[in-house]
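**Student:** need a structure here:
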Amino acid sequence: MTKDKLGLPVGTTLDRFIKRKQDEFPFATGELSQLLRDIALAGKIINREISRSGLLNIGGAFGVTNVQGEEQQKLDVIADIRFTRALRNGGEVCAIISEEEEGVIDLENPKGKYIVAMDPLDGSSNIDVNVSIGTIFSIYRRISPAGTPVTMEDVLQPGSEQVGAGYLLYGSSTMLVYTTGHGVYGFTYEPSLGEFFLSHQDIKMPKDGSIFSVNEGAYCTFEPAVKEYVDYCKKNEYSARYIGSLVADFHRNMLKGGIYIYPCTDKAPKGKLRLLYECNALAFIAEQAGGIATNGYKRIMDLKPTELHQRCPLFIGSENMVRKAESFYKKHEPESKSDAVASR
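**Tutor:** Numbers count the residues shown, from 1 in each chain. Predicted structure coming up:
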């Protein structure tokens with residue numbers, strides 16, 4: 001290795017990148033930039049907790065179920081606390097919607113301009129077996145005037161109103177991937193320096209792919225359209241890849257080309273994933289990267305939420321693959337069916 005190569009720069013830090021991009025948001029006057037820094041800080045803390053969870057006995061179940069009826073893991077609770085604390089202390093966020101909490105979390109920052117919807121620790125059942133997990137977040141500007149109480153109108157906004165969305169992936173390396181509507185950028189965490197560095201510039205999802213990600217254990221309860229699409233993938237010898245962590249599956253497919261599917265099943269007749277803090281965030285990222293996200297009938301970000309923990313089927317990934325999956329729905333769906341049915 002030459003002397004020149006030994007002195008190569010490590011790259012652009014997240015903080016420097018955010019400052020450089022701040023001009024894209026003249027209305028934000030720095031708050032959105034600071035909000036992204038707060039999320040990155042919480043992500044660093046969670047990364048630390050995850051990396052030593054086996055040593056500190058913070059793996060495993062916490063002993064209670066959350067509002068979703070799912071058994072909480074200890075790290076679910078820790079992640080929820082850490083992100084809530086970081087966003088409260090930052091001051092830019094007035095309220096949070098979290099997978100782990102039944103109602104809206106009032107951060108007592110009445111002048112805060114933003115609402116954050118988040119899944120603090122996606123795929124947490126994989127913690128104890130050392131499989132990649134993640135955090136998903138979605139950012140909205142509040143509708144009600146700053147200084148007034150947060151309203152349900154503030155938190156039940158369609159995904160098309162997002163001003164930012166992203167995820168943290170805790171895997172072989174820790175990454176922060178986000179969009180503010182001007183492309184998708186990925187940052188890899190360098191633990192010895194304590195910094196996120198730009199590693200994936202202006203990510204573009206391949207238009208087509210050969211990976212399909214779906215839990216085939218529920219195949220017998222899939223709708224006919226989904227069964228036919230899965231059979232189509234198998235006949236074309238696509239690769240089946242399903243980690244069981246939404247962030248990890250989505251991240252792989254975004255980089256390599258593929259489709260992620262979580263359809264309606266007998267156990268989850270309305271789908272399992274949550275619209276506000278899982279589907280909308282990843283749909284925004286997918287579209288900014290050139291992919292698409294639908295519920296089989298309609299664009300995810302056009303769906304109007306009616307409740308905090310609303311569930312939704314999800315088909316997300318490379319454009320050609322998702323369009324092909326939609327074509328099976330069109331074949332099975334009578335033309336006379338109303339828009340209300342299609343928007344489920």
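**Student:** for the rest of this, base every contact and every neighbour count on C-alpha atoms.
**Tutor:** OK.
**Student:** middle-most residue in this structure, spatially?
**Tutor:** Centroid-nearest residue in the chain: residue 136, 3.7 Å away (criterion: Cα atoms, centre = their mean).
**Student:** just give me the neighbour total for the residue nearest to that one when sequence neighbours are not counted.
**Tutor:** Nearest non-adjacent residue to residue 136, counting by Cα to Cα, 6 or more residues apart in numbering: residue 167, 4.3 Å away. Using other Cα atoms under 10 Å, the number of residues around residue 167 comes to 30.
**Student:** wait, a helix at residue 167?
**Tutor:** No. Counting by DSSP: H, G, I helix; E, B strand; the rest coil, residue 167 falls outside a helix, being strand.
**Student:** below-threshold pLDDT in the protein: ranges please.
**Tutor:** Applying pLDDT under 70 to the chain flags the ranges 1-10, 23-29, 53-72, 334-344.
**Student:** the stretch 201-344 of the chain: strands as residue ranges?
**Tutor:** 211-213, 239-240, 259-262, 292-294, 314-317 (DSSP state E, counting those that start in this stretch).
**Student:** quickly note the distance from the residue nearest to the centre of the chain to residue 164.
**Tutor:** 11 Å (Cα to Cα, to the nearest Å).
**Student:** which residues touch the residue nearest to residue 136?
**Tutor:** By Cα atoms under 8 Å, 6 or more residues apart in numbering, the residues touching residue 167 are 134, 135, 136, 137, 176, 177, 178, 247.
**Student:** next, residue 178: secondary structure please.
**Tutor:** strand.
**Student:** just give the number of residues close to the nearest residue to it once chain neighbours are set aside.
**Tutor:** Nearest residue to residue 178 in three dimensions, chain neighbours excluded: residue 166, at 3.9 Å (Cα to Cα, 6+ apart). Residues lying near residue 166 (other Cα under 10 Å) number 27.
**Student:** hmm, back to that, just the strands of the stretch 201-344 of the chain: most buried one?
**Tutor:** Comparing the strands of the stretch 201-344 of the chain by mean neighbour count (mean count of other Cα atoms under 10 Å), strand 314-317 ranks first with a mean of 31.
**Student:** report the longest helix in this protein, please.
**Tutor:** helix 31-51 (DSSP state H).
**Student:** gap between that helix and the chain center?
**Tutor:** How far helix 31-51 lies from its chain's middle: 15 Å, per Cα atoms, centre = their mean, to the nearest Å.
**Student:** do stretch 305-319 as well
**Tutor:** Mean-position distance between stretch 305-319 and its chain equals 11 Å (Cα atoms, centre = their mean).
**Student:** using PDB, write out every CA atom in that stretch.
**Tutor:** Provided in PDB are the C-alpha atoms of stretch 305-319 (Å, rounded to 0.1, in the frame of the first residue of the first chain):
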ATOM      1  CA  PRO A 305     -54.900   6.600   8.400                       C
ATOM      2  CA  THR A 306     -57.800   6.400  10.800                       C
ATOM      3  CA  GLU A 307     -56.100   5.000  13.900                       C
ATOM      4  CA  LEU A 308     -52.600   5.100  15.400                       C
ATOM      5  CA  HIS A 309     -51.800   1.400  15.100                       C
ATOM      6  CA  GLN A 310     -53.600   0.800  11.800                       C
ATOM      7  CA  ARG A 311     -52.400  -2.300  10.000                       C
ATOM      8  CA  CYS A 312     -51.800  -2.700   6.300                       C
ATOM      9  CA  PRO A 313     -50.700  -5.300   3.800                       C
ATOM     10  CA  LEU A 314     -47.400  -4.300   2.100                       C
ATOM     11  CA  PHE A 315     -45.900  -5.000  -1.300                       C
ATOM     12  CA  ILE A 316     -42.700  -3.000  -1.600                       C
ATOM     13  CA  GLY A 317     -39.500  -3.100  -3.800                       C
ATOM     14  CA  SER A 318     -38.400  -3.000  -7.400                       C
ATOM     15  CA  GLU A 319     -40.900  -1.400  -9.600                       C
END
